[in-house]
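Asker: build me a model:
(chains A and B)
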Protein chains: 2
Amino acid sequence: MIATGGDEHFMRHALREAELAFKADEVPIGAVITCKEQVIARAHNLTERLNDVTAHAEMQAITAAAGHIGGKYLTECTVYVTVEPCPMCAAALRWAQVGRIVFGAFDEKAGYRRIGGVLLHPKTQVTGGVLEPECADLMKAFFKRKRAL
Amino acid sequence: MIATGGDEHFMRHALREAELAFKADEVPIGAVITCKEQVIARAHNLTERLNDVTAHAEMQAITAAAGHIGGKYLTECTVYVTVEPCPMCAAALRWAQVGRIVFGAFDEKAGYRRIGGVLLHPKTQVTGGVLEPECADLMKAFFKRKRAL
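Answerer: Presented below is the predicted three-dimensional model:
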């Protein structure tokens, strides 16, 4: 899984979203969706504020991106997300037929890979580990802070 | 998988939601969520109207139910849905830690069972096949109409 300079650039956008989540005391996961190298949607986890388990960064970004392009299918889009998507988000990205997923930190416990690539659309390409240390460190800092409370 | 009278009663509520979807030219799937034998949320598929692949009946019902009870977790709730949940909805119901899922028609192609019960929370109980003929007939009628267009 090789990251390009472009991937790191857009992952930094997603990281900024994750930092907003961190500041709001939400699990710090951020996502942006690009189309033709342009960011068309950005979101961060809001499960606490919205009191809604479905309010993951990717889910909100899918909804926003579909609104932006005026179509449900994101075949020409790339989703950048700071942490490996969970099964719910992976399956949503399958419905959206997203072209590519780029994620930062691996999530051995709650990530979709625990169940398998069958959750994704067969045409979706995946790159993992982009800016992994920064993405993972934000998660570690969040849970360390939680444990200290 | 044995259906009780109560299950059939609430599945008829979900079927009414599915019929609303049918009339709106949406894939006819409806859901209600109950808590202590009271309906606290109802929704139907709105993926076309909202232009959003995440707008499945169950997803909207989870959001509405959490709003109703003022908490993210639906451990005391039962979800009635006219068709076997897809992997996205099953994984969302896992996050919500829903107590029980009752579904109508089986979905061998797009249902969560194709991937497996690992998508669900280990404490979630499942009953399938409640009012299966009515639930399945509505889906068949929808796709027959689509093919005739």
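
Asker: for the closest residue to residue A:35 other than its chain neighbours, phi and psi?
Answerer: Distance criterion C-beta to C-beta, 6 or more residues apart in numbering or on different chains; nearest residue to residue A:35, sequence neighbours excluded, is residue A:77 at 4.8 Å. Any C-beta I mention is one placed from the backbone N, CA and C, and that applies to glycine too. Main-chain dihedrals, residue A:77, degrees, to the nearest 10: phi -110, psi 160.

Asker: buried ones in stretch A:22-30?
Answerer: By 16 or more other C-beta atoms under 10 Å in any protein chain shown, the buried positions in stretch A:22-30 come out as A:22, A:26, A:27, A:28, A:29, A:30.

Asker: do it and chain B meet?
Answerer: No - for stretch A:22-30, no contact with chain B is found by C-beta under 8 Å from any C-beta of the partner chain; the gap never falls below 11.6 Å.

Asker: state the mean pLDDT of that stretch.
Answerer: For stretch A:22-30, mean pLDDT rounds to 98.

Asker: put the alpha carbons of that stretch into PDB.
Answerer: Coordinates of each C-alpha in stretch A:22-30 appear next as PDB, following Å, rounded to 0.1, in the frame of the first residue of the first chain:
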ATOM      1  CA  PHE A  22     -11.000  15.700  19.200                       C
ATOM      2  CA  LYS A  23     -11.700  19.200  20.300                       C
ATOM      3  CA  ALA A  24     -15.400  18.400  20.500                       C
ATOM      4  CA  ASP A  25     -14.700  15.400  22.700                       C
ATOM      5  CA  GLU A  26     -15.800  13.000  19.900                       C
ATOM      6  CA  VAL A  27     -13.800   9.900  18.800                       C
ATOM      7  CA  PRO A  28     -11.300  11.800  16.500                       C
ATOM      8  CA  ILE A  29     -12.000  10.400  13.100                       C
ATOM      9  CA  GLY A  30     -12.300  12.700  10.100                       C
END
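
Asker: just checking the distance from it to the centre of its chain.
Answerer: Chain-centre distance of stretch A:22-30: 13 Å, with C-alpha atoms, centre = their mean, to the nearest Å.

Asker: ok, stretch A:58-71 next?
Answerer: Counting by C-alpha atoms, centre = their mean, stretch A:58-71 comes out at 13 Å from the chain centroid.

Asker: one step back: in strands, which of the buried residues of stretch A:22-30 fall?
Answerer: residue A:30 (DSSP state E).

Asker: check contacts around the residue nearest to residue A:35.
Answerer: Contact analysis of residue A:77 by C-beta atoms under 8 Å, 6 or more residues apart in numbering or on different chains lists A:33, A:34, A:35, A:40, A:65, A:69, A:98, A:99, A:100.

Asker: one more time with 6 Å
Answerer: A:33, A:35, A:98, A:99 (C-beta atoms under 6 Å, 6 or more residues apart in numbering or on different chains).

Asker: for chain B, what are the nearby residues on chain A?
Answerer: Neighbours of chain B within chain A, by C-beta under 6 Å from any C-beta of the partner chain: A:51-54, A:59, A:62-63, A:66, A:72, A:87-88, A:91-92, A:95-96, A:119.

Asker: ranges for the helices of chain A?
Answerer: Along chain A, counting by DSSP state H, helices occupy A:5-23, A:57-69, A:87-95, A:132-148.

Asker: now the angle from the second one to helix A:87-95?
Answerer: What that stands for is helix A:57-69. On the basis of axes from the mean of the first three to the mean of the last three C-alpha atoms, to 10 degrees, helix A:57-69 is oriented at 20 degrees to helix A:87-95.
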